[in-house]
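Visitor: from the sequence below, what's the structure:
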Amino acid sequence: MNTAQQTARVGLFFLLGIALVWVTFETLSSGSFFSKKGYTLIAGFADLEELKAGDEVRMAGVKIGQVDKTRLAGRRAEAVLRIDPGIKVANDATASIVMAGLIGTNFIGIDLGSPGAPSLADGAEIRTKATPNINTIMTELGDLGQKLEGALGSFGTAMNGDGKGGGGIFQKLDKLVSDNSGKVSDTLSNLREITNKLNSGQGTMGKLINDSTLHDQLLATVGELKKTATDAQGFVASAKDVMDQVKSGQGVLGVLLYDKAAADNLKMTVQNIHDVSDKLANGKGTLGKLINDDTLYNSAQTSLKKADRALDSLNDSGPITAVGILANSLF
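Guide: Numbering: from 1, shown residues only. Below you'll find the predicted structure:
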């Protein structure tokens, strides 16, 4: 192999190396080394969560740009987003840091915002919201595990005791059963005796359980109660109808209650009866005198006696004489 061929090969490998470096750089930097196209947006977060320059910016899952750079701005961290030309981001859209996977890189996710909303201008700040990252989740899970472990330890201590003289629930239950075994046996015996009496139909409860006659009587009583309730409902309905008629001025009671003329006539009649009774009691008028004056009664008795004597005299006299005697006796 001559020197010219070796030089050509070295040059070819050199060019291939440069091309490989170029392709690698373009892949990592998305071809933004020489020219930066599109416009920028500022996204501020309390923590960028390992976000770095070159990470993707996606809207509705579609890549629309990349993170140009990251920086600190006072009490927060900012990510400068470079959005592809022609992509409009609504001014009410929200950006958040999304984890691509457990071992994947993070990216910026932007929602679509409201339809018809104005677009953000170059250099504007986009609204952001914090999302839990894997580190926060793992920390919270660790804390939860510690709390759960403590709770299980407390539960185990409560169930089995602390081994320092303080008995757990199991020991206390065992002691309770041991101390009250006699009472438990007596209680079981009493329950057995009660159930035997119930099964044999003894006592009121046993008869209720075993005697079908009481069941039938109970059903009959319930039926009668239902019938009574139905009759009561009918009575109430009838009373309501009567009250409606009275309120509408129908019937004697309705007329008396709601007809003013009839009420006035009734009042006048009662007053007249009261006046008549007063006159009778005071001996006014013919009927009052007949009721209260004894003179008329005495006069009537005298006249009857005279008539009686005159009739006796008639038996002994003739017709003409009798008439004269009767006239003299009466007048």
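Visitor: tell me how the chain divides into domains.
Guide: The chain is divided into the following domains under automatic domain parsing: 36-133, 157-210, 259-292, 294-330.
Visitor: check those domains for me: which has the lowest mean pLDDT.
Guide: Ranked on mean pLDDT, the bottom entry among the domains of the chain is domain 294-330, at a mean of 60.
Visitor: what ranges do the helices span in the stretch 101-250 of the chain?
Guide: Using DSSP state H, counting those that start in this stretch, the helices of the stretch 101-250 of the chain run over 134-160, 169-179, 181-200, 203-210, 212-247.
Visitor: just name the most buried of these.
Guide: Ranked by mean neighbour count, the helices of the stretch 101-250 of the chain are led by helix 203-210 with a mean of 13 (mean count of other C-beta atoms under 10 Å). (C-beta placed from N, C-alpha, C; glycine too.)
Visitor: and that helix with helix 181-200, angle?
Guide: 60 degrees (axes from the mean of the first three to the mean of the last three C-alpha atoms, to 10 degrees).
Visitor: distance of Q271 relative to A281?
Guide: Noted for Q271: a distance of 16 Å to A281, by C-beta to C-beta, to the nearest Å.
Visitor: any chance of the helices of the stretch 101-250 of the chain in TSV, plus distance to A8?
Guide: TSV is the format used below for these (distance: least, C-beta to C-beta, whole Å):
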stretch	distance to A8
helix 134-160	52
helix 169-179	90
helix 181-200	105
helix 203-210	113
helix 212-247	116
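Visitor: V80: which of these is closest?
Guide: Nearest to V80 among the helices of the stretch 101-250 of the chain is helix 134-160; the distance by C-beta to C-beta comes to 23.7 Å.
Visitor: hmm, back to that, so which of the helices of the stretch 101-250 of the chain comes closest to N265?
Guide: helix 212-247 (18.4 Å).
Visitor: what helices and strands are in contact with the closest one?
Guide: In this structure, helix 212-247 packs against helix 203-210, helix 251-258, with contacts taken as 3 or more C-beta pairs under 8 Å, 6 or more residues apart in numbering; DSSP states H and E.
Visitor: need the mean per-residue confidence for it.
Guide: On average, helix 212-247 scores 78.
Visitor: tilt between it and helix 203-210?
Guide: Relative orientation of helix 212-247 versus helix 203-210 (the same axes, to 10 degrees): 90 degrees.
Visitor: please renumber the chain so that the first residue is 27 from this point on.
Guide: Happy to do that; since the first residue is 27 now, the last one works out to helix 238-273.
Visitor: residues near T66, how many?
Guide: The tally of other residues near T66 (other C-beta atoms under 10 Å) stands at 15.
Visitor: so it: helix, strand or coil?
Guide: strand (DSSP: H, G, I helix; E, B strand; the rest coil).
Visitor: next one: G112
Guide: Strictly by three-state DSSP, G112 counts as coil.
Visitor: distance of it from T66?
Guide: 15 Å.
Visitor: for E166, same thing?
Guide: According to C-beta to C-beta, E166 and T66 sit 35 Å apart.
Visitor: likewise G260?
Guide: 88 Å.
Visitor: just I195 next, same as before
Guide: Separation of I195 from T66 (C-beta to C-beta) stands at 66 Å.
Visitor: next: L107.
Guide: Separation of L107 from T66 (C-beta to C-beta) stands at 6 Å.
Visitor: report the set of residues contacting both of these two.
Guide: D94 (C-beta atoms under 8 Å, 6 or more residues apart in numbering).
Visitor: any idea how far K78 is from R108?
Guide: From R108 over to K78 the distance is 14 Å, taken as C-beta to C-beta.
Visitor: please enumerate the shared neighbours of those two.
Guide: Any residue near both R108 and K78 by C-beta under 8 Å, 6+ apart counts here, and that gives V93.
Visitor: give me phi/psi at E82?
Guide: Backbone torsions of E82, given as degrees, to the nearest 10, read phi -80, psi 150.
Visitor: quick one: it and I136 touch, right?
Guide: No: with contacts counted by C-beta atoms under 8 Å, E82 stays clear of I136, the gap being 11.0 Å.
Visitor: which positions in the longest strand along the chain come out as buried?
Guide: In the chain, assigned by DSSP state E, the strand with the most residues is strand 88-99. By 16 or more other C-beta atoms under 10 Å, the buried positions in strand 88-99 come out as 90-94, 96.
Visitor: from those residues, which two are the most distant?
Guide: Checking these with C-beta to C-beta, the most distant pair is I90 and T96, at 18.2 Å.
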